[in-house]
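*Asks:* From the sequence below, what's the structure:
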Amino acid sequence: MATLATLTFGLFALGVGTLAYVLTANLERQPEYPTLMTDRMRLIGLLIALAGGGLAVIFLGYSVISYVG
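*Replies:* Presented below is the predicted three-dimensional model:
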């Protein structure tokens with residue numbers, strides 16, 4: 001049962017990382033906002049996506065190890 005919980009959390013983290021990347025990767029510059037603001041939002045979204053991907057790799061790897069072992 002622990003395998004199912006870690007697998008679920010890993011998939012959820014992967015989904016959150018993907019969602020954050022998709023939402024922030026396509027930001028376009030707006031005339032009323034400075035360019036630096038848009039670039040920072042893209043960077044923050046990329047960092048959230050990388051953190052979600054890292055958590056997903058850790059939890060999915062742990063679920064595979066606990067299932068096999």
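*Asks:* From here on, just use CA atoms for contacts and neighbour counts.
*Replies:* Will do.
*Asks:* Just the element for the most centrally placed residue in the chain, please.
*Replies:* Centroid-nearest residue in the chain, with C-alpha atoms, centre = their mean: residue 17, separated by 1.6 Å. Following DSSP states H and E, one finds residue 17 within helix 2-25.
*Asks:* ok now that helix, how far from the chain's centre?
*Replies:* Centroid separation between helix 2-25 and its chain, computed with C-alpha atoms, centre = their mean, to the nearest Å, is 6 Å.
*Asks:* and the longest helix along the chain, what does it pack onto?
*Replies:* Longest helix of the chain, by residue count under DSSP state H: helix 35-68. In terms of contacts (3 or more C-alpha pairs under 8 Å, 6 or more residues apart in numbering; DSSP states H and E), helix 35-68 is packed against helix 2-25.
*Asks:* circling back: which other residues reach the helix holding residue 17?
*Replies:* 41-42, 45-46, 48-53, 55-60, 62-64, 66-67 (C-alpha atoms under 8 Å, 6 or more residues apart in numbering).
*Asks:* Using CSV, write out every CA atom in it.
*Replies:* C-alpha atoms of helix 2-25 as CSV (Å, rounded to 0.1, in the frame of the first residue of the first chain):
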residue,chain,number,x,y,z
ALA,A,2,2.9,2.3,0.5
THR,A,3,3.9,1.8,-3.1
LEU,A,4,0.5,3.2,-4.2
ALA,A,5,0.8,6.3,-2.1
THR,A,6,4.3,7.2,-3.3
LEU,A,7,3.3,6.5,-6.9
THR,A,8,0.3,8.7,-6.6
PHE,A,9,2.3,11.5,-5.0
GLY,A,10,5.0,11.2,-7.7
LEU,A,11,2.5,11.4,-10.5
PHE,A,12,0.8,14.4,-8.8
ALA,A,13,4.1,16.2,-8.5
LEU,A,14,4.9,15.5,-12.1
GLY,A,15,1.5,16.9,-13.1
VAL,A,16,2.0,20.1,-11.0
GLY,A,17,5.5,20.6,-12.5
THR,A,18,4.1,20.2,-16.0
LEU,A,19,1.2,22.6,-15.4
ALA,A,20,3.5,25.2,-13.9
TYR,A,21,5.8,24.9,-17.0
VAL,A,22,3.0,25.1,-19.5
LEU,A,23,1.4,28.1,-17.8
THR,A,24,4.6,30.2,-17.5
ALA,A,25,6.5,29.1,-20.7
